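Asks: no sequence on hand, only this structure:
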């Protein structure tokens, strides 16, 4: 039984982490904090009333250290790098939901997030928490950089083809569509119901901060810099990401071979489901699950691969993946609390 | 050709007023203001780009007076009573969308809106702009208190039965459901998409500020105080109000007679549509129109009348009704610009 | 470990039953059927792929009897009364989701459902599966008539006041709003997305077949016939029912006393949550849970009680309640598999 | 004043055509038909009650010929090619909303639509009704093939770059997202609210029947076969299409030059709005309008152009474009009835 704390439980990913940990047989939730509340958890999330109703206060390092073996940081970027060092120093394990420890270069961080990184030493030590690629490292890690929601779907979609045949890839375009919880829980006219409902748009075209994260881990797989073209869109749904990924290839591939490659690649992975060749992922099949569904289509000339993949941005794209990482770190079965 | 200004064009009702006035053959829009913008109208409402793209600034009394014959005040309550006096003094006609001039008692205003009324003399002179009841007064009015969205649907539903047989009514319950634009255009977590979508709730049960407005005008019809029980709910749609109204009667009525009474009552009214006895109003039939659809059902014992009525809260519940009032005030055909 | 079958797993309530039973520690799902499919469960519900992926065929009485200790009939009314007799004769326990065994009079069934009842003897023996009222009977029952979704919210809202003071109630109005899964899984233009989205309407006003069910069980509590006025509406959300219930009283009540009465009434009930006096139920707090949230408001004159209650129509309104009944029948903890 | 008929007014595009024609000062609607109704138009579309409420029957060629100068065929493909010949023989002008007359090869039609074309002579004579490209031909046409919704947004987005520099384009990918009315008005479980709401998916990946239509007209512009890669998705909104189009270029382009090229290309076109370089189209700015909004973004290396474009699938993607074509054919101002 490990003692786990959640920092930032008033956000959507923090709440989802609590929902998952609550039913996890190997965990006791021993610490909760949220900056915008000082009282009962059910004042923020009335659905928890009578079910699990903690008191919840502003974050307090000393208390967190005393209460926890492992801490989930479900806080915005730039906040995580202020909280993690003390926890790590006190020998706690940390799973950070933010982007603060995902990159490896302070300069890249500064370029995309606009501020200098204040904890470069831990950035170097952090392990990128995509279990399908880095299980062995995750097991021994003290600090996990939990992947971004968009990069999770992108990297799981691309890892097999990139690792097999990165050289023949001439271009990667990721057309991503995300539900609104991806933008966080905020007072913002642009996120208000009448502005989002019955609407759809692209945003940050070729400029989204998840681009360098995707590039970095693709290049780790194949030692090639793909310079992915990433275009996110805002979907009028609460949860879920669907990415349609276009891979131009310099030589013809065979779809059945490719499908078998993907099957083998994810054979032992409990949370990646490859669709049959005539079927496609849909949000509704993955929402509220930790699955990533992947579908493959090939152009008649065999040189454009279209990959579609779907995840729940709050589960496999955040809290579910964090629990999966925790399971691996703590020698629980990888699917514990997630099926 | 009259010159009309809109104050508060960055809100949903102000925008809707502009959409309607723009195509109105008797009107030239000569003044627009909005406090949160200083530049092009299409910076707030990109849909207007290339179509009607004015410059839009903070409100300026002198400019408004110079530019307009008639001013639409699409501003929040407490603001309207600060702007109206100068306009009225300059002999302008004013249609106020807020609740500032709808009541007749300063004490009632204070009780429900929490602040003292600062323009009681004009409150007394204002005409309540529900054309189906007060057409003659509207024609001569200088200041129109444009009815609230909920009261519009409620009063049109109840006026015939109350005027015919107010005495036999023992209780009125109004169960109202409104789309989210009714709450205005605001940065507010509670109005953000993930909080509203897939949700539904009642709010301000028996405490909503539109209750005294409904009570006041029902009592004007029948000299009886009904003390309506008003319960609003928040619907996850952009536009539209549907009210289900329960009228307990001390003596049995006949549904066919009642249906004929309603038909006669609204015979010459272009914007009230009575449904056939086996049919019911739906939001989608009135959204983006100035219609109020009304349906009647009677309990087997003939003593509970269920009225359902539907309007678009931004049109018949606000800007459309304002245009209808303007048409009457200016001797345009009543439906001009509204069909 | 009991062996449970689900008949009708291609519908929304059958699917929800499977989701709940799958994680239930005391149950093995041993039989699944659906008439419109003959193959893998994941052909109907792709979300189950790789997770629990049974073969699923047309219903076969002999196989169901052989495979199961207890059968969930998630089939339409008129179908259940054809399937139940053979199962009961074979000493199986049956929980019927349809309305076939909820009433006690064949004539009332004929009047509201339009066909003669073909299994009156079992109709008399069936126990109405509302655990908060009939726990003792449920424990010993062989056939459970699982309550309708609307009646569940209505009866839980009204039981305390009706049992305490049924005599002083002069009228009950139930204004109910339901998400679209309540209409079942059907090819029907009126249920297609563009007809439902951004729409809202009442239907079957004072004529819905759940009215006699509500009347029957209220009269069992207080030996009085209330003749409830029931008006359902269609909400553009997937799941959830919110009911706003208006109770006219012949004498003044005190809200704090009433709140305490409700608290006492449901003190030991794990799935009824009474809101504090200044708070109201919302769909989002109960969706995907077995909770029924209840809020109380009183008019200033103390003679109109407004009760709001929220449930998930597929959980507490159907499959969750069925599991709760099964738990009671089989001596499992009442909340097993439901929290 | 021309006499216009609409065949297929019970569908979404037929209804939209009626809404537009009704307010068109140069048109009298003299004939309406729909196969699934025989009575009042308001039985299908209650929103028209009291406003324009025709009688509506099964299609009758003789009556249509007698009543109309020009006929809108808002019928499914394969139906239009059965109705058009008689109308054309009787010297009527025809605007066909279906795909029956858009292609130029019977073989291609057979390949993509699965049936042999039965009216090849008229297929050859038909003019493709995209006014921004074919205004002169449209003016003299007797039969207009009104463009598909997806091709309208795609061709308007691509025409300038293809006509300027088709040679340097090495690949075109069209990632398209459409609201549900694009699928028509149908009883179909897959289109029912609970299956579509909170969901998102790709469909007919690289296999959609609009692909050859896009290819054909791009090749007409530049005498090059682009073999566009077209991937449509289903958006949970009623109306609107947003396409994100990726154009790989063999040589670097300059974004400002390109933006000026687009500006010049559409300088005199009233319904194409080019966004400023830092802004993007959104569905909500075009829904219920005949506009096509277009935004341009370029990758840092100047070799991937990302075009986003938005239209209302029922207006610029169908009925609005048909009215625009009619305006051109009949020498009305091109924007008549459309602003």
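Replies: Good, I have the coordinates. In this text the structure is predicted, and so the values were computed from the model without any measurement. Numbering: from 1, shown residues only, chains lettered A, B, ... in the order given.
Asks: which positions in the stretch 51-200 of chain A make contact with chain D?
Replies: For the stretch 51-200 of chain A, the residues in contact with chain D (C-beta under 8 Å from any C-beta of the partner chain) are A:171, A:173, A:175, A:177, A:195, A:198, A:199, A:200. For the C-beta atoms, the positions are set from N, CA and C on the backbone; glycine is no exception.
Asks: same thing but at 7 Å, please
Replies: Proximity of the stretch 51-200 of chain A to chain D is confined to A:171, A:173, A:175, A:177, A:198, A:199, A:200 under the rule C-beta under 7 Å from any C-beta of the partner chain.
Asks: in which helix or strand would I find the second one?
Replies: With the criterion set as DSSP states H and E, the secondary-structure element containing residue A:173 is strand A:169-178.
Asks: which strands border that strand, and is each parallel or antiparallel?
Replies: Within its sheet, strand A:169-178 is paired with strand A:229-234 (parallel), strand A:241-249 (antiparallel), according to DSSP bridges.
Asks: what average pLDDT does the longest one get?
Replies: By that I understand strand A:241-249. Across strand A:241-249, pLDDT averages out at 98.
Asks: in chain A, what residue sits furthest out from the centroid?
Replies: residue A:301 (33.9 Å; C-alpha atoms, centre = their mean).
Asks: is it fair to say that one lies in a helix?
Replies: No: read with DSSP: H, G, I helix; E, B strand; the rest coil, residue A:301 is coil and lies in no helix.
Asks: not counting its neighbours along the chain, what's nearest residue A:55?
Replies: Counting by C-beta to C-beta, 6 or more residues apart in numbering or on different chains, residue A:40 is the residue found nearest to residue A:55 once chain neighbours are left out, at 6.2 Å.
Asks: the one you found: neighbour count?
Replies: The number of residues packed near residue A:40 is 15, by other C-beta atoms under 10 Å in any protein chain shown.
Asks: same check on residue A:305?
Replies: Every residue meeting other C-beta under 10 Å relative to residue A:305 is counted, giving 22.
Asks: and it, what does it touch?
Replies: A:161, A:247, A:249, A:253, A:296, A:298 (C-beta atoms under 7 Å, 6 or more residues apart in numbering or on different chains).
Asks: mind giving me the ChimeraX select for those residues, buried ones only?
Replies: Of the contacts of residue A:305, the buried ones can be selected in ChimeraX as follows, counting by 16 or more other C-beta atoms under 10 Å in any protein chain shown:
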select /A:161,247,249,253,296,298
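Asks: max pairwise distance over the contacts of residue A:305: which two?
Replies: A:249 and A:296 (12.8 Å; C-beta to C-beta).
Asks: next SSE downstream of the strand holding residue A:173?
Replies: Assigned by DSSP H and E, the successor of strand A:169-178 is helix A:193-196.
Asks: what ranges do the helices span in chain A?
Replies: For chain A, the helices defined by DSSP state H cover A:12-22, A:41-44, A:61-67, A:80-89, A:106-113, A:120-125, A:131-140, A:149-165, A:193-196, A:211-222, A:255-265, A:320-329.
Asks: may I see those organised as JSON lines, with mean pLDDT and distance to chain B added?
Replies: Below are the helices of chain A laid out as JSON lines (pLDDT from 0 to 100; distance: least, C-beta to the nearest C-beta, whole Å):
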{"stretch": "helix A:12-22", "mean pLDDT": "97", "distance to chain B": "7"}
{"stretch": "helix A:41-44", "mean pLDDT": "89", "distance to chain B": "10"}
{"stretch": "helix A:61-67", "mean pLDDT": "97", "distance to chain B": "25"}
{"stretch": "helix A:80-89", "mean pLDDT": "98", "distance to chain B": "22"}
{"stretch": "helix A:106-113", "mean pLDDT": "97", "distance to chain B": "23"}
{"stretch": "helix A:120-125", "mean pLDDT": "97", "distance to chain B": "31"}
{"stretch": "helix A:131-140", "mean pLDDT": "98", "distance to chain B": "27"}
{"stretch": "helix A:149-165", "mean pLDDT": "96", "distance to chain B": "14"}
{"stretch": "helix A:193-196", "mean pLDDT": "98", "distance to chain B": "4"}
{"stretch": "helix A:211-222", "mean pLDDT": "97", "distance to chain B": "24"}
{"stretch": "helix A:255-265", "mean pLDDT": "98", "distance to chain B": "33"}
{"stretch": "helix A:320-329", "mean pLDDT": "98", "distance to chain B": "18"}
